[in-house]
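Undergrad: Give the three-dimensional model of this entry:
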Amino acid sequence: MSLTMYQASIPSFLRMLGNLSAILDKAAAHAEAKKIDPSIFVNGRLTPDMFPLSRQVQIATDMVKGCAARLAGIEVPSYADNEATFAELQARIAKTQAFLESVSAAQIDGSEERPITVKFGSRELNFLGQAYLFDFVIPNFHFHLTTTYSILRHQGVEIGKIDYTGNY
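TA: Numbering: from 1, shown residues only. Here you go, the predicted structure:
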């Protein structure tokens, strides 16, 4: 049995967004327990030239909502990118999960050869669906999830690998 584009994307995206949500819950609880202003975590960075945690979460959610929409051939939802609290980041994750759940397997399956164009300012990237998913979205999604995890770990939040991967 072959793996479909839907099976290779949406279930994993939903699982990892759930793990991200749980990690943010642990960070919020850590901030409360240690009497640390939560904005220190939300605005935390690994280095001055990297995006803060809030932007890492925004990009991770943008990656997967954009992927689902582009593979399905529907409009990509637009979010304001103005989240500044754990609650706002959690709402963004939940909104992304709801969108992913609204896209059916029938919409995504068969998109391996669908032309995909992604624009970044004046830059334009062109892919076919399968390469877009495996070579662009999945690596970028995990990079931003890992960076979020690393920022929180660096800030002293007690999370480990199982928090990132989830239970099996």
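Undergrad: The nearest residue to Ala105 once chain neighbours are set aside: neighbour count?
TA: Among residues not flanking Ala105 along the chain, Tyr6 sits closest, at 3.9 Å (Cβ to Cβ, 6 or more residues apart in numbering). (Glycine included, C-beta is placed from N, CA and C.) Tyr6 has 20 neighbours, counted by other Cβ atoms under 10 Å.
Undergrad: List the contacts of Tyr6.
TA: Ser104, Ala105, Ile108, Asp109 (Cβ atoms under 8 Å, 6 or more residues apart in numbering).
Undergrad: give me every residue that touches the third one.
TA: Read it as Ile108. With Cβ under 8 Å, 6+ apart, Ile108 has these contacts: Thr4, Met5, Tyr6, Ser9, Ile10, Ala68, Leu71, Ala72.
Undergrad: so which strand or helix has the residue nearest to Ala105?
TA: Using DSSP states H and E, Tyr6 sits within no helix or strand.
Undergrad: How many residues are close by Ser78?
TA: Counted with other Cβ under 10 Å, residues neighbouring Ser78 total 8.
Undergrad: Perfect, that will be all.
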